[in-house]
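# here are the coordinates; sequence isn't available:
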């Protein structure tokens, strides 16, 4: 007998980041599979409270169903500002345990906020640590993590039973050249002989300043910075070959990226969290037909050790690498990127998931 599937997500389509693209992909997948989908996002606080109560009621009284919910959606419905009070934290997880006992509860985990805040130099909130400890101690619960390293780390740390967790990496949508016509204002990108792009969150702590400094020494290569949280760059003394474009809608961003030669991931390989995650941007680059230059991050090395379009280079050797490439090298790498990209489209990524296909 097929069990009814309930899917809960919070989608704020005004945002444009990796977390949104992942949630949107999962949402579209569940719609196609016939699940009952509920987007719980509300900007109005009163409606948000009413939604939280309604969702909690449905979850609490559900039985023999498959329930899929994102970790971020749980936090959206029951904010950390409330959960900092131990009574509400305990009450929430007693309820989740009740739900897990009566249903097949699957929780998708995109990030580990506590570990992430340490490595990204963000304010550390110890409620995040308590939340993680409670979340991964739920009995009979199933978890989908956004990388294999994240899965292995949490599984070992919290002794999650075999068969109760898996990794579903971050994919991307296929580039469709007929989807939009790129505005004339971006045609100048193709005029540069060599151009690199960083597409992603531009907040400090992601080595953006180091990346800019690098390109002050490589004048014949242009760097395009694309993404949100980069307003601070408007007051930054950017060299003439570094262009900040800000945040763009997904399809526009992918078209801009496709005009470049290398997608960049400059994350500090000495930091634990960067080695743990599978950045959305690498699939975004590949599906746009770009080879990738990245620092040697553990998760990515495991996935792309046999790749012919992903290049692992220590950051202090990036200058030498970029000075050594030529048009023939780039053309060959782009051909390989298009061949490998199919494995990183969302359709391929979801096919490999046991939890989503049972």
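Great, that's in hand. These numbers come from a predicted model, not from an experiment. Residues are numbered from 1 along each chain as shown.

# show me the residues around residue 101 that make contact.
139, 140 (C-beta atoms under 8 Å, 6 or more residues apart in numbering). Backbone N, C-alpha and C define where each C-beta goes, glycine included.

# Check for me that it belongs to a helix.
Yes - looking at residue 101 with DSSP: H, G, I helix; E, B strand; the rest coil, it is inside a helix.

# So it versus residue 95, what's the distance?
Noted for residue 101: a distance of 11 Å to residue 95, by C-beta to C-beta, to the nearest Å.

# The nearest residue to residue 84 once chain neighbours are set aside in helix, strand or coil?
Of all residues not flanking residue 84 in the chain, residue 127 sits nearest, at 4.8 Å (C-beta to C-beta, 6 or more residues apart in numbering). At residue 127 the chain is in helix, as set by three-state DSSP.

# Contacts only, for residue 127.
Contacts of residue 127 by C-beta under 8 Å, 6+ apart are 80, 83, 84, 89.

# Could you do residue 27 as well?
7, 9, 11, 37, 39.

# Next up, identify which helix or strand it is on.
helix 18-32 (DSSP states H and E).

# mean confidence for that helix?
The average pLDDT within helix 18-32 is 89.

# show me the contacts for residue 305.
The contact partners of residue 305, by C-beta under 8 Å, 6+ apart, come to none.

# same thing with residue 88?
Counting by C-beta under 8 Å, 6+ apart, the residues that residue 88 touches are 78, 82.

# List the buried residues in stretch 149-162.
149, 150, 151, 153, 154, 155, 160 (16 or more other C-beta atoms under 10 Å).

# now swap in stretch 210-225 and tell me
Residues 211, 212, 214, 215, 218, 221, 222, 223, 224, 225 are the ones in stretch 210-225 that count as buried (16+ other C-beta under 10 Å).

# so where's the stretch 201-350 of the chain shaky on pLDDT?
Scanning the stretch 201-350 of the chain for pLDDT under 70 picks out 205.

# What are the boundaries of the helices in it?
208-215, 250-258, 272-276, 280-287, 298-304, 318-324, 327-340, 346-351 (DSSP state H, counting those that start in this stretch).

# Okay, buried residues for the fifth one please.
Going back to what we said before, that points to helix 298-304. 298, 299, 300, 301, 303, 304.

# and if you look at the fourth one?
Of the residues in helix 280-287, 280, 281, 282, 283, 284, 285, 286, 287 count as buried by neighbour count, 16+ other C-beta under 10 Å.

# Equivalent analysis for the longest one, please.
Applying a neighbour-count criterion of 16+ other C-beta under 10 Å, the buried positions in helix 327-340 are 330, 333, 334, 337, 338, 340.

# so how far is residue 351 from the residue lying closest to residue 348 once chain neighbours are set aside?
Nearest non-adjacent residue to residue 348, counting by C-beta to C-beta, 6+ apart: residue 342, 6.1 Å away. Noted for residue 342: a distance of 11 Å to residue 351, by C-beta to C-beta.

# re the thing from before, what score does the residue nearest to residue 84 have for pLDDT?
pLDDT for residue 127: 92.

# and what of residue 184?
61.

# For residue 144, give me its contacts.
Applying C-beta under 8 Å, 6+ apart to residue 144 gives the contacts 106, 107, 108, 109, 165, 166, 167, 168, 353, 355, 356.
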